[in-house]
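[1] I'd like to go over a predicted model; first the sequence, then the structure.
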Amino acid sequence: MLLLSPQQIQQWDAYTILHEPISSIDLMERAARHCVDWIISNDHIRTSIKIFCGKGNNGGDGLAIARLLLQQQIPATVYILEFGAKGTDDFQLNLQRLHSLTKDIHFIQSPDFFPPVGKEDLVIDALFGSGLNRPLQDLNAAIVQHINQSGARIIAIDVPSGLFLDKSAKGNPVVTANYTLTFQSLKLCLMVAENARYFGEVAVLDIGLHPLFLQETEATFSLLSKEEIARGIKPRPGFSHKGTYGHALLIAGNTGKMGAALLAAKACLRSGVGLLTVNVPKNELPILQTSLHEAMATIREEEDHSYDGYASIGIGPGIGTAGSSEAIVRNLLENYAKPVVWDADAVTILGKNKQWLEQLSPGSILTPHPKEFERLFGASDNDFDRLNKAIELSKQYPLVIVLKGHYTLIAFNGKGWFNTTGNAGMAKGGSGDMLTGMLTALLAQGYTPLQATVTGVYLHGLSADLTLEEQSMESMLPSDTIENIGKAFLFLKE
Ligand SMILES: NC(=O)C1=CN([C@@H]2O[C@H](COP(=O)(O)OP(=O)(O)OC[C@H]3O[C@@H](n4cnc5c(N)ncnc54)[C@H](OP(=O)(O)O)[C@@H]3O)[C@@H](O)[C@H]2O)[C@H](O)CC1
Ligand SMILES: [K+]
């Protein structure tokens with residue numbers, strides 16, 4: 001699914017109106033009906049429902065929602081903000097329709113006329129949607145503040161009023177909704193952590209916009225889907241052998257950090273690799289060899305670092321950032337030409353030696369979390385800037401950049417894919433090590449760097465989601481999640 005700009009969403013509307021065909025007012029009616037159905041079926045009806053409307057089509061949705069509720073004998077009161085604009089055609093038509101049912105419609109010209117709003121109320125925010133083109137001010141800003149401090153349950157229609165679809169609204173007045181009912185597809189503003197306190201829980205309502213439009217449309221950002229990932233999984237033919245699936249090397253672990261190496265190695269082995277060697281310090285060899293029977297080992301301190309024969313290499317988990325680790329990073333840059341997975345301490349080392357970025361082998365995968373990303377590429381003013389920076393960097397460098405977060409972004413060649421699997425139980429030490437192991441395994445099996453990354457990131461989150469069948473988000477460990485990588489592969493084949 002593509003994440004569209006406000007202009008593209010308007011075009012999608014127009015395309016649907018033309019090709020379904022359906023009138024604009026009927027499309028609004030369909031959207032409002034879906035909202036009402038969702039509100040009722042999710043048990044959000046309260047004795048007092050206050051619907052705040054702007055005079056655009058978002059406000060039109062609010063008016064239609066009010067009418068549909070009233071028609072079901074559910075009382076709802078409408079407050080229309082008068083900020084000088086004339087209502088859109090569909091707003092005006094819905095206003096007429098509502099007038100024929102109720103006289104309880106209030107026009108608000110100043111804060112003196114704001115109704116009291118309290119905890120017992122359900123507020124429906126239909127002030128502004130995808131048409132917002134400047135920060136809210138004056139009366140609009142005041143009503144947002146009034147609603148936000150009320151303690152009422154707030155359901156935002158399409159997006160919380162005050163959020164821009166595809167750029168930051170940091171510092172602006174924005175409705176802090178408990179729920180957001182967004183139409184047809186997620187929006188970029190609903191994917192970023194800086195807006196999480198505004199959008200609350202998000203439900204995507206399928207209002208039947210024409211699917212063909214997407215086939216004719218391009219967008220920078222899109223969402224990964226199960227079907228897409230499942231299609232890319234390589235079959236394992238009967239006459240294959242361990243050589244078919246590649247020999248991976250993980251350079252991981254150090255004193256006190258051998259857990260990172262073990263997690264990466266286990267995840268690598270569970271992700272289909274043919275052979276795995278782990279490079280560890282001499283003293284730590286027994287830990288590896290007694291815990292993991294399937295992995296081979298090489299000794300960190302030995303001088304001869306030949307990388308010949310490895311189909312892929314992952315470096316970073318638990319190696320530390322000391323000079324000896326820097327020397328290994330340097331050595332790898334000079335002696336290995338295939339894609340490498342760069343994670344954790346290895347990313348920090350690259351951050352300290354930015355000139356080395358130019359030397360990364362094409363197709364290498366960088367997996368920084370936001371802080372590591374900052375160390376590598378500098379600070380960003382907001383989440384949107386960081387996303388756009390990742391996209392720009394992916395044009396500049398022949399790398400796959402994995403920007404870890406609630407919705408991890410994978411940037412490559414000027415495009416970005418958001419992952420849709422995973423949960424907050426993964427916010428624990430060891431999750432990143434697991435991912436490095438998985439990506440290294442997939443690269444070794446001949447997946448292209450982009451394919452390895454989208455598949456690995458998706459499976460990583462999916463394994464964690466499947467772990468919730470027997471664990472809670474609090475209790476689950478990366479070790480549990482690794483044991484569910486198998487279930488995740490099976491789930492893709494269903
Ligand atoms: N395809 C769909 O998803 C459907 C969406 N629907 C709903 O329609 C809205 C979008 O409606 P639109 O009329 O385009 O926009 P808004 O209602 O968000 O805004 C209306 C106008 O408000 C003005 N504006 C913008 N920013 C501000 C501001 N800060 N202060 C005051 N006024 C502002 C702007 O006009 P200007 O001429 O003043 O620039 C906007 O045009 C979408 O979100 C859905 O809720 C359909 O109902 C169904 C299909
Ligand atoms: K809204």
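    That came in fine, so what should we check first? Ligands and ions are numbered 1, 2, ... in the order given.
[2] From now on I want contacts and neighbour counts done on CA atoms only, so please keep to that.
    Will do.
[3] Residues of the stretch 101-250 of the chain that sit close to ligand 1?
    Contacts of the stretch 101-250 of the chain with ligand 1, taken as Cα under 6 Å from any ligand atom, map to 128-136, 157-158, 183.
[4] which of these are buried?
    For those, a neighbour count by 16 or more other Cα atoms under 10 Å gives the buried set as 128-132, 135-136, 157-158, 183.
[5] Intersect the residues you listed with the contacts of ligand 2.
    Among these, the ones lying near ligand 2 by Cα under 5 Å from the ion are 128-129, 157.
[6] Out of these, list just those in strands.
    Ile157 (DSSP state E).
[7] Same list, the ones next to ligand 2 among the buried ones among the residues of the stretch 101-250 of the chain next to ligand 1, but as CSV with distance to Phe377 please.
    Listed next are these as CSV, based on distance: Cα to Cα, whole Å:
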residue, distance to Phe377
Phe128, 35
Gly129, 33
Ile157, 36
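[8] Could you look up the SS state of Asp433?
    What DSSP: H, G, I helix; E, B strand; the rest coil gives for Asp433 is helix.
[9] and it, what is it in contact with?
    The contact partners of Asp433, by Cα atoms under 8 Å, 6 or more residues apart in numbering, come to 260-261, 263-264, 317, 343.
[10] Give me the distance between the nearest residue in space to Val192 that is not next to it in sequence and ligand 1.
    Nearest residue to Val192, sequence neighbours excluded (Cα to Cα, 6 or more residues apart in numbering): Asp383, at 6.3 Å. Note on Asp383: its distance to ligand 1, by Cα to the nearest ligand atom, to the nearest Å, is 21 Å.
[11] Look up how far Leu409 lies from Asp383.
    11 Å (Cα to Cα, to the nearest Å).
[12] out of those two, which sits in the busier spot?
    Leu409 (27 against 19; other Cα atoms under 10 Å).
[13] My guess is the more buried one contacts Asn419. True?
    Yes: shown here, Leu409 and Asn419 form a contact pair, counting by Cα atoms under 8 Å, at 6.4 Å.
[14] Quick one: neighbours of the closest residue to ligand 1 within the stretch 251-400 of the chain, just the number.
    At 19.3 Å from ligand 1, Phe384 is the closest residue in the stretch 251-400 of the chain, using Cα to the nearest ligand atom. When neighbours are defined as other Cα under 10 Å, Phe384 has 20 of them.
[15] Helix or strand for it, just tell me which one.
    helix 383-396 (DSSP states H and E).
[16] Residues touching the helix or strand harbouring Trp38, excluding its own?
    Per DSSP H and E: Trp38 is located in helix 24-41. Residues from elsewhere that reach helix 24-41 (Cα under 8 Å, 6+ apart): 17, 45, 57, 60-62, 64-65, 68-69, 90, 157, 181, 183, 205-207.
[17] Next, Phe418: phi, psi?
    Per-residue torsions, Phe418: phi -90, psi 140 (degrees, to the nearest 10).
[18] Which pLDDT value belongs to Pro370?
    Predicted confidence (pLDDT) for Pro370: 87.
[19] Apologies, that question was intended for Cys268.
    pLDDT, Cys268: 98.
[20] Would you mind giving the secondary structure of Ile401?
    For Ile401, the assignment made with three-state DSSP gives strand.
[21] how close does Ala344 get to Gly405?
    Distance of Ala344 to Gly405, given as Cα to Cα: 14 Å.
[22] The two: who's more crowded?
    The neighbour count for Ala344 versus Gly405, taken as other Cα under 10 Å, is higher for Ala344 (23 against 16).
[23] quick one, what contacts the more buried one?
    Ala344 neighbours (Cα under 8 Å, 6+ apart): 316-318, 367-368, 372, 432.
[24] go again using 7 Å as the cut-off
    Shown in contact with Ala344 (Cα atoms under 7 Å, 6 or more residues apart in numbering): 316-317, 368.
[25] Where does the stretch 201-350 of the chain get nearest to ligand 2, which residue?
    In the stretch 201-350 of the chain, the residue that lies nearest ligand 2 is Val202 (12.7 Å; Cα to the ion).
[26] I am finished for the moment; much appreciated.
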